[in-house]
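A.B. asks: let's see this in three dimensions:
(2 chains)
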Protein chains: 2
Amino acid sequence: MNEFTNRVPDATVRRLSLYLRFLEDFGRSGVTNVASAALAERGGTTAAQVRKDLSHLGSYGKRGLGYSVEELTRVLRSVLGLDSVWRVALLGAGRIGTALFEYEPFRRRGFHITTVIDNDPAKVGARLGDIRIRGEGELERALCEARIDLVIVAVPAPVAQGLVDRVVEAGVRAVLNYAPVQLRLPEGVALRNVSMLVELECLSHALARRVCHSA
Amino acid sequence: MNEFTNRVPDATVRRLSLYLRFLEDFGRSGVTNVASAALAERGGTTAAQVRKDLSHLGSYGKRGLGYSVEELTRVLRSVLGLDSVWRVALLGAGRIGTALFEYEPFRRRGFHITTVIDNDPAKVGARLGDIRIRGEGELERALCEARIDLVIVAVPAPVAQGLVDRVVEAGVRAVLNYAPVQLRLPEGVALRNVSMLVELECLSHALARRVCHSA
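C.D. replies: Numbers count the residues shown, from 1 in each chain, chains lettered A, B, ... in the order given. This next block holds a predicted model:
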């Protein structure tokens, strides 16, 4: 259905992810066709960049007509792996973990948190939404039973690596890391890091040095 | 006190931010000196990279002794702008905004949220912690009164750019953006983006294509 089979650079995937949001907005507004310039304008980039990014997907634009919002939305969802439901385990039911759990757009995008693990005896057995929190001792069994595709790591930094080693050993191949630590993962396991503190510290560095710049 | 006056690459700042966390852990464990290899091991990088990164700060390591944990911690805090208290305004008191507000490490690092803005009439006037939530109409006055250094954008994507334009107009020079939108900012305003959905979609792309890799 699409010719997108090769590895696409991370920076491109990020922009595709943004374009998808814009297209969904356009779709909700009843827009049926959109020019690369319109996507560029909302994305803070150039029409040439948009066309180049979308060329990774094959050729969907028509000169003068632009892109079909419906078709491009469908293709981007497929490329970004959003046609699937991904089974997600949340490691850590603290403040960040709980906020992520309750973050509705995750579910809408097909990321279903089906398993929650915490090592706090006061939390184990309690419920987060309709999910019973399980202890760390049950980690491997829980990942296997629920056929987890992806884990979100929201535990304190000192325990993150040890847990993730077990997760990888159990066969999980994608990790979204919120712990402020650089995880070591074997080849073949996808890792993305989200760190609010690191981003904030890039900003405070810029403020402190008065060397501000957009990035 | 330190020779670090030039602009340091973003990737380096990110690693410095991680090293600082490791050093603080070492300090709490009573470690007084640390070799570049030990920082490298925890940071998933090489000793040569650590030495290169730290060379941006001047020369603090001693052959055979490594780095003084106390001194290097102090220097890194200074370089990362963490000696200052940064006055932060939170735009958006929804789930994400509230979780950020309650995230204790922010305050420990000197990021003090002193102002909270929301456009929901049901929230305006209510309290988040000990802060009274103010309406969007009060944005400029609130930023000015509290001498805000940095805003955290945690509002829905469609309204983010408009708010940020006003924030920049009011003189704020650093923006941490959680809205899934590419903000357009003038030169001289520092911007960092945190998007859980974009990171997740990079992972689902990798899973869908079975082209997993560490990144």
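A.B. asks: going by C-alpha atoms from here, please, whenever you check contacts or count neighbours.
C.D. replies: OK.
A.B. asks: any buried residues in the host helix or strand of A:Glu70, and which?
C.D. replies: Using DSSP states H and E, A:Glu70 sits in helix A:69-79. For helix A:69-79, a neighbour-count test (16 or more other C-alpha atoms under 10 Å in any protein chain shown) marks A:69, A:72-73, A:75-79 as buried.
A.B. asks: so which of those residues also contact chain B?
C.D. replies: Residues of those in contact with chain B (C-alpha under 8 Å from any C-alpha of the partner chain): A:Val79.
A.B. asks: and the buried residues of helix A:69-79, which is closest to chain B?
C.D. replies: Ranked by distance to chain B (C-alpha to the nearest C-alpha), these are led by A:Val79 at 6.4 Å.
A.B. asks: wait, doesn't the closest one sit right on B:Ser204?
C.D. replies: No. Using C-alpha atoms under 8 Å, A:Val79 is not in contact with B:Ser204, being 9.1 Å away.
A.B. asks: any idea how far stretch A:57-74 is from the chain center?
C.D. replies: What separates the centre of stretch A:57-74 from the centre of its chain is 24 Å, taken as C-alpha atoms, centre = their mean, to the nearest Å.
A.B. asks: repeat for stretch A:87-104
C.D. replies: From the chain centre to the centre of stretch A:87-104 is a distance of 13 Å (C-alpha atoms, centre = their mean).
A.B. asks: and the lengthiest helix in chain A, what other elements does it pack with?
C.D. replies: Scanning chain A for the helix with the most residues, using DSSP state H, yields helix A:10-28. On a contact count with 3 or more C-alpha pairs under 8 Å, 6 or more residues apart in numbering or on different chains; DSSP states H and E, helix A:10-28 meets helix A:36-43, helix A:47-55, helix A:69-79, helix B:196-209.
A.B. asks: which residues touch the residue lying closest to A:Trp86 once chain neighbours are set aside?
C.D. replies: Leaving aside its sequence neighbours, A:Trp86 sits nearest to A:Phe111 (C-alpha to C-alpha, 6 or more residues apart in numbering or on different chains; 4.9 Å). The neighbours of A:Phe111, taking C-alpha atoms under 8 Å, 6 or more residues apart in numbering or on different chains as the test, are A:85-88.
A.B. asks: among the residues you listed, who's most crowded?
C.D. replies: A:Val88 (25 neighbours; other C-alpha atoms under 10 Å in any protein chain shown).
A.B. asks: what sits up against the helix or strand that contains that one?
C.D. replies: Per DSSP H and E, A:Val88 falls inside strand A:86-91. The list of residues contacting strand A:86-91 from outside it, by C-alpha under 8 Å, 6+ apart, reads A:97, A:101, A:110-118, A:143, A:146-155, B:204.
A.B. asks: residue contacts, the residue nearest the centre of chain A?
C.D. replies: Taking C-alpha atoms, centre = their mean, the centroid of chain A lies closest to A:Leu176, which sits 7.3 Å from it. If you count contacts by C-alpha under 8 Å, 6+ apart, A:Leu176 has them with A:150-153, A:191-194, B:199-200, B:203.
A.B. asks: show me which pair in these is furthest apart.
C.D. replies: The distance between the two most remote of those (C-alpha to C-alpha) is 14.8 Å, for A:Leu150 and A:Val194.
A.B. asks: more crowded one of those two?
C.D. replies: More crowded of A:Leu150 and A:Val194, by other C-alpha under 10 Å: A:Leu150, with 29 against 19.
A.B. asks: any part of stretch A:194-207 near chain B?
C.D. replies: Yes. Stretch A:194-207 lies within reach of chain B by C-alpha under 8 Å from any C-alpha, at A:194-207.
A.B. asks: what average pLDDT does that stretch get?
C.D. replies: Predicted confidence along stretch A:194-207 averages 80 (mean pLDDT).
A.B. asks: now it: how far from the chain's centre is it?
C.D. replies: Its chain's average C-alpha position is 20 Å from that of stretch A:194-207, according to C-alpha atoms, centre = their mean.
A.B. asks: contacts for it, please.
C.D. replies: Outside stretch A:194-207, the residues that touch it by C-alpha under 8 Å, 6+ apart are A:176-180, A:212-213, B:10, B:13-14, B:17-18, B:79-82, B:86, B:105-106, B:173-176, B:190-196, B:199.
A.B. asks: change it to 7 Å
C.D. replies: The contact list for stretch A:194-207 (C-alpha atoms under 7 Å, 6 or more residues apart in numbering or on different chains) reads A:177-178, A:180, A:212, B:13-14, B:17, B:79-81, B:174, B:176, B:190, B:192, B:194.
A.B. asks: just the buried ones from those residues?
C.D. replies: With burial judged by 16+ other C-alpha under 10 Å, the buried subset of those is A:177-178, A:180, A:212, B:13-14, B:17, B:79-81, B:174, B:176, B:190, B:192, B:194.
A.B. asks: where's the dip in pLDDT among these?
C.D. replies: Lowest pLDDT among the buried ones among the contacts of stretch A:194-207: A:Cys212, with 37.
A.B. asks: stretch A:43-51 close to chain B?
C.D. replies: Yes. For stretch A:43-51, a contact with chain B is found by C-alpha under 7 Å from any C-alpha of the partner chain, at A:43-44.
A.B. asks: just the element for A:Tyr67, please.
C.D. replies: Assigned by DSSP H and E, A:Tyr67 belongs to strand A:67-68.
A.B. asks: what is that strand packed up against?
C.D. replies: Applying 3 or more C-alpha pairs under 7 Å, 6 or more residues apart in numbering or on different chains; DSSP states H and E, we find strand A:67-68 packed against strand A:33-34.
A.B. asks: direction included, what does the strand it packs on pair up with?
C.D. replies: Note on strand A:33-34: by DSSP bridges, its sheet partners are strand A:67-68 (antiparallel).
A.B. asks: confirm A:His112 sits in a strand?
C.D. replies: Yes. Assessed by DSSP: H, G, I helix; E, B strand; the rest coil, A:His112 belongs to a strand.
A.B. asks: quick one, what contacts it?
C.D. replies: A:85-88.
A.B. asks: could you do A:Ala179 as well?
C.D. replies: By C-alpha under 7 Å, 6+ apart, A:Ala179 lies in contact with A:153-157, A:160.
A.B. asks: returning to what we had before: can you list contacts of the strand holding A:Tyr67?
C.D. replies: Residues outside strand A:67-68 that contact it (C-alpha under 7 Å, 6+ apart) are A:32-35, A:60-61.
A.B. asks: mind doing that once more with 10 Å?
C.D. replies: For strand A:67-68, contacts defined as C-alpha atoms under 10 Å, 6 or more residues apart in numbering or on different chains pick out A:23, A:27, A:31-36, A:39, A:54, A:59-62, A:73-74.
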